[in-house]
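Q: Sequence and predicted structure, then a few things I'm wondering about:
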Amino acid sequence: MKRNSFEESEVPYQTLAKFGLTHEMIEDLPMHALDDISNGRPSPLLPVSMEVNEGYSIKSRTRFALVRMADGNVDVMFYPVLKYAPLDKFTKEQQELLKQGKAVVADVDMPDGTHVKAFVQIDGETNQVMAVPTPVIGRNLQVLSDELSLGGTELKSIQNGEALTFAVEDEPVTVGIDLKSDTGIRFANGDGEQWRKEGKREWDKYTFGIYGCWVMDDDGNLDYVPEEEYTEELWNEQKKAAGRHASAVARK
């Protein structure tokens, strides 16, 4: 299986619905999340529920990604929240670096069964181990090195999972490996602390869609409220959001 782009008509909504993710819930995700999904990248961390016995269900949170199988059909791969990251196949040194959020290079088994050398990093929200074959990231790092005239020591530092800060027109800019980004390499204006902060995409507390609203709680968890279940607070927030949108359009 490899990363592909997907048409909206290919999304296996019936499969997602079995886990409590309805067509409406997916369609009401913000555009940046829909863009990620349509390009084969993982979704945000979403609530799912699975009925195991009549009247009894298990609730959890997971990311999902679309994958194109060998026969051309599209299926779903889930990345549920794990209590601990499965790091037993890595050395003690690699485990410590991974726990710090850094990337390491290691031999791994990919989902399609191939054994490759890859850049590996932990998804901090799910504790899932992410892996991208080294030639993919290596090529992007080489382009980055050529554009910024990085020295061997600086390039090696990034390859070893460090975020590198340098000056552009006297302003700090930081770059490092982030396997959740489009290219596997992410920039941030600012120092290393700012780079790490920007690694987690921020959501508004309320994200209103066509059929309902995604609500983020104080712990950063997302839950979906269909329009027919709106509270007075949600109706008021929707009016405020509509007013802000109208004001923004009027200013253009």
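A: That came through fine.
Q: shaky segments in the stretch 151-252 of the chain?
A: 200-202, 245-252 (pLDDT under 70).
Q: So which residues of it form helices?
A: Per DSSP state H, counting those that start in this stretch, the stretch 151-252 of the chain has helices spanning 152-159, 192-198, 232-251. These are given in chain order.
Q: okay, these in TSV with mean neighbour count next?
A: Heads up, the C-betas are built off the backbone N, CA and C, glycines and all. Formatted as TSV, the helices of the stretch 151-252 of the chain follow (neighbours: other CB atoms under 10 Å):
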stretch	mean neighbour count
helix 152-159	14
helix 192-198	16
helix 232-251	11
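Q: Quick one, which of those gets closest to residue 84.
A: Comparing the helices of the stretch 151-252 of the chain against residue 84 with CB to CB, the closest turns out to be helix 192-198 (21.3 Å).
Q: Can you list the residue ranges for strands in this structure?
A: 46-53, 56-68, 74-80, 104-109, 115-122, 129-133, 164-168, 171-177, 185-189, 206-208, 212-216, 222-226 (DSSP state E).
Q: now the ones you listed in JSON lines, with mean neighbour count and distance to residue 152?
A: Below are the strands of the chain laid out as JSON lines (neighbours: other CB atoms under 10 Å; distance: least, CB to CB, whole Å):
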{"stretch": "strand 46-53", "mean neighbour count": "14", "distance to residue 152": "42"}
{"stretch": "strand 56-68", "mean neighbour count": "16", "distance to residue 152": "35"}
{"stretch": "strand 74-80", "mean neighbour count": "16", "distance to residue 152": "35"}
{"stretch": "strand 104-109", "mean neighbour count": "16", "distance to residue 152": "16"}
{"stretch": "strand 115-122", "mean neighbour count": "20", "distance to residue 152": "18"}
{"stretch": "strand 129-133", "mean neighbour count": "19", "distance to residue 152": "22"}
{"stretch": "strand 164-168", "mean neighbour count": "13", "distance to residue 152": "13"}
{"stretch": "strand 171-177", "mean neighbour count": "18", "distance to residue 152": "16"}
{"stretch": "strand 185-189", "mean neighbour count": "17", "distance to residue 152": "17"}
{"stretch": "strand 206-208", "mean neighbour count": "18", "distance to residue 152": "44"}
{"stretch": "strand 212-216", "mean neighbour count": "20", "distance to residue 152": "43"}
{"stretch": "strand 222-226", "mean neighbour count": "16", "distance to residue 152": "43"}
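Q: Cool, thanks, signing off.
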